[in-house]
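Take a look and give me a structure for this.
(one chain, ligands or ions: 1)
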Amino acid sequence: MFILVNLKAYPCDPVAVARAARDVADAHGVRIAVAPQAADLARVEATGVETWAQHVSPVEHGSHTGSTLAEAVEANGAEGTLINHSERRVTLAAVDDALAAARRTDLETIVCANDPEQAGAAAALSPDAVAVEPPALIGGDVSVATADPEIVEGAVAAVNAVDPDVELFCGAGVSTGDDVEAARDLGATGVLLASGVAKAADPRSALEDLVSGI
Ligand SMILES: O=C[C@H](O)COP(=O)(O)O
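Alright, predicted model coming up:
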């Protein structure tokens with residue numbers, strides 16, 4: 001199971017979380033990555049943790065003020081990027097262009113989707129993975145695998161029907177090892193989470209708990 005910790009714009013210490021994620025990943029042989037704010041990519045990458053961008057803009061070099069270029073996030077240590085997160089929605093055309101931007105570099109890609117229908121549509125664009133996240137459960141205390149297991153199973157089926165090479169992750173409310181285990185049992189090969197670590201009083205303990213389910 002891949003665990004991707006999205007720090008969103010939470011007021012946590014990205015370097016402290018990155019060090020904890022690096023240590024827990026190394027100690028348990030689990031793939032854990034951290035997605036900080038774009039401005040924090042380089043110092044998070046310097047910890048040695050696998051580092052991801054939260055977003056890349058669907059543009060190339062040029063007159064695009066305020067953009068987050070795929071080339072720039074890669075140069076600052078990102079190995080992958082989220083696209084179309086529920087809190088950073090873009091049009092279908094922009095998803096396609098952001099994937100093209102990521103492919104100009106070596107960035108891995110996860111396209112987020114609200115439900116199985118969107119997951120299938122996202123899979124048709126051939127990202128490395130699709131992450132299904134019901135918006136109503138994001139930031140909550142109950143994980144998607146517990147609150148709405150059908151949405152995970154439905155997304156697994158939808159993605160597999162379109163392209164079995166695309167992995168299916170799930171997210172929203174994932175915060176414990178039991179949540180990770182439940183996601184895996186439903187067919188997900190990774191989890192996308194944020195508040196369970198970024199808002200935890202002790203992010204290292206939260207990460208230790210998460211890998212206990214693997
Ligand atoms: O990117 C992470 C997801 O939106 C899940 O957030 P959450 O773990 O706070 O529910």
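
got the CA positions of the lowest-mean-pLDDT helix or strand in the chain in PDB?
Every helix and strand in the chain was compared by mean pLDDT, DSSP states H and E; the lowest is helix 144-147, with a mean of 95. Extracted in PDB, the C-alpha atoms of helix 144-147 (Å, rounded to 0.1, in the frame of the first residue of the first chain):
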ATOM      1  CA  VAL A 144     -14.300   6.300   3.200                       C
ATOM      2  CA  ALA A 145     -13.800   2.500   3.500                       C
ATOM      3  CA  THR A 146     -16.100   2.400   6.500                       C
ATOM      4  CA  ALA A 147     -18.600   5.100   5.600                       C
END
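
Could you check that helix against the ligand for contacts?
No: contact of helix 144-147 with the ligand (C-beta under 6 Å from any ligand atom) is absent, the minimum separation being 8.3 Å. In this view, the C-beta of every residue, glycine as well, is placed from N, C-alpha and C.

In the helix or strand just after that helix, which residues are buried?
Proceeding N to C from helix 144-147, the next assigned helix or strand is helix 149-162, under DSSP states H and E. Within helix 149-162, the residues that qualify as buried by neighbour count (16 or more other C-beta atoms under 10 Å) are Pro149, Ile151, Val152, Glu153, Gly154, Ala155, Val156, Ala158, Val159, Val162.

For stretch 134-153, which residues meet the burial criterion?
Buried residues in stretch 134-153, defined by neighbour count with 16+ other C-beta under 10 Å: Pro134, Leu137, Ile138, Ser143, Val144, Ala145, Asp148, Pro149, Ile151, Val152, Glu153.

per-residue confidence for the spatially most distant residue from the centre of the chain?
When distances to the mean C-alpha position of the chain are computed (C-alpha atoms, centre = their mean), the maximum falls on Ser63, with 28.4 Å. pLDDT, Ser63: 97.

what do you get for the one 10 residues further on?
With respect to pLDDT, Val73 has a value of 98.

how near is the residue lying closest to it once chain neighbours are set aside to Ala70?
Closest residue to Val73 apart from its sequence neighbours, by C-beta to C-beta, 6 or more residues apart in numbering: Ala53 at 4.0 Å. According to C-beta to C-beta, to the nearest Å, Ala53 stands 8 Å off from Ala70.

what's the overlap in contacts for the two?
Each of Thr81, Leu107 lies in contact with both Ala53 and Ala70 under the rule C-beta atoms under 8 Å, 6 or more residues apart in numbering.

quick one: stretch 19-36 to chain centroid distance?
14 Å (C-alpha atoms, centre = their mean, to the nearest Å).

Can you get me the start-to-end distance on that stretch?
Counting by C-alpha to C-alpha, to the nearest Å, you get 13 Å between the two ends of stretch 19-36.

same question, stretch 38-56
Note: stretch 38-56 ends 9 Å apart using C-alpha to C-alpha.

Does the ligand have contacts with that stretch?
No: Stretch 38-56 stays clear of the ligand (C-beta under 6 Å from any ligand atom), getting no nearer than 8.1 Å.

And that stretch, what's buried?
Neighbour counts over stretch 38-56 (16+ other C-beta under 10 Å) mark 38, 40-41, 44-45, 47, 49-56 as buried.
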